[in-house]
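Chemist: Would you be able to build a 3D model of this:
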Amino acid sequence: MKKIFIILTIFTFFIGAFAIHKVFALQNVHMKDSDYGMNMYTPAFPLVYEDLKEKIVKGKVEFAGYHSLMIDTLDSLESPKNRLGEEFYYNTVAKRTPEFKKKIEADIKEKFNEKSSILDMVEWEPGNEDEIILYSMVKKNIEFIKQFEILDLMAFDNSDEQFKYFGTKDKSKEYRAQVQPVFYKDENNYAVLLKTKTGDEVILYTMNENTAKKSVSALWNDLSKKMNPETFKEDDKFLAPFIEIKEIISYDDLSNREIKGTDYKISKAIESVEFLLDNKGAKLKNEALMMLETCALRVEIEPRYFYFNRPFVLFIKEEGRKNPYFMVKIQDVKYLVR
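Modeler: From the prediction side, this is the model:
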């Protein structure tokens, strides 16, 4: 019996350690107000912001004694509801009580067969009917028409470390229907579109020192003007790195801001981003949460090489829609897979 107890204790310890690892697998990032939208665009937080603007404030969002550049950026962007089909997102406004947490968990389980990565970062206790939670989840899986070949490990932008890549080896002809050059100026300035079974378009666009200073939305606007789709030729080559993003972003500059024209202040504003790009396709799970508390007071001839082994920006949009629903700069090895 003593041996059985010891074995069960060890087993329980490892199960608990695994659970703890799963909870803290996402890296915590604190984003400054002025940095929002520079290196990444995700749809979940704009969904939460729209609910704040339309259902709580019912007008322009302004803070008492503080001007937010992040809010300016959010106001300038097209709605995520125009970027994504309704079946790929969920958003709600709820009271901060256990009953509403259970409802949100049941809803995302039913719609996406998913569990939340951020709901447990808020305390859900009885008696908080005056406090409001704005929540959203975006879930999308993308599959390439044909799996790309897995290539040898190589550096990214002259890095010392080697990383995983996928692309075309000697079978470029087999990928003509899947890889479409949309812009090619020279060996340092180009973009390609990768077609998928799901009707999504994965677009990769090279960056340089000047373009790296622009926001991802500005880079998309630049590329949109240059697009001139053509055929991926038999001698053309393509490669791109495996990408994995696992982050919980805290928007600290919004915390404790009293919202003009309401009895509320923002007490928490967070977002989780889980994104994977590999030779099979891409997966995106994106959540956002904002908690509101009441205030005490009211306030050509030669082969072309489309190699993305140096800084670039990645866009994903639904076919037929004007703007992407996910954008991210890959400017160093932070998100690459070893």
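Chemist: From here on, just use CA atoms for contacts and neighbour counts.
Modeler: OK.
Chemist: what's near enough to touch residue 108?
Modeler: Applying Cα atoms under 8 Å, 6 or more residues apart in numbering to residue 108 gives the contacts 90, 114, 115, 116, 137.
Chemist: Which two of the residues you listed have the greatest separation?
Modeler: Spanning the widest gap among these are 90 and 115, at 12.8 Å by Cα to Cα.
Chemist: More neighbours: those two, which one.
Modeler: For residue 90 versus residue 115, neighbours defined as other Cα atoms under 10 Å are more numerous around residue 90 (19 against 13).
Chemist: what about that one, helix or strand, and which?
Modeler: Assigned by DSSP states H and E, residue 90 belongs to strand 89-95.
Chemist: who does that strand pair up with?
Modeler: Applying DSSP bridges, strand 89-95 is found paired with strand 132-143 (antiparallel).
Chemist: Output the strand it pairs with as CSV, nothing but the C-alphas.
Modeler: Output of strand 132-143 as CSV, limited to C-alpha atoms (Å, rounded to 0.1, in the frame of the first residue of the first chain):
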residue,chain,number,x,y,z
ILE,A,132,-18.6,43.8,-17.2
ILE,A,133,-16.5,41.4,-19.3
LEU,A,134,-16.1,41.9,-23.0
TYR,A,135,-14.8,38.8,-24.6
SER,A,136,-14.0,37.4,-28.1
MET,A,137,-12.5,34.4,-29.7
VAL,A,138,-11.3,33.9,-33.3
LYS,A,139,-10.6,30.3,-34.5
LYS,A,140,-9.4,29.4,-38.0
ASN,A,141,-7.6,26.4,-39.5
ILE,A,142,-6.1,26.8,-43.0
GLU,A,143,-4.9,23.9,-45.2
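Chemist: what element comes up after it heading to the C-terminus?
Modeler: Downstream of strand 132-143, the first helix or strand assigned by DSSP H and E is strand 149-150.
Chemist: Touching that next one from outside, list them.
Modeler: Contacts for strand 149-150 (Cα under 8 Å, 6+ apart): 164, 165, 166, 167, 168, 169, 279.
Chemist: Just the residues you listed: which are in strands?
Modeler: Of the contacts of strand 149-150, the ones assigned to strands by DSSP state E are 165, 166, 167.
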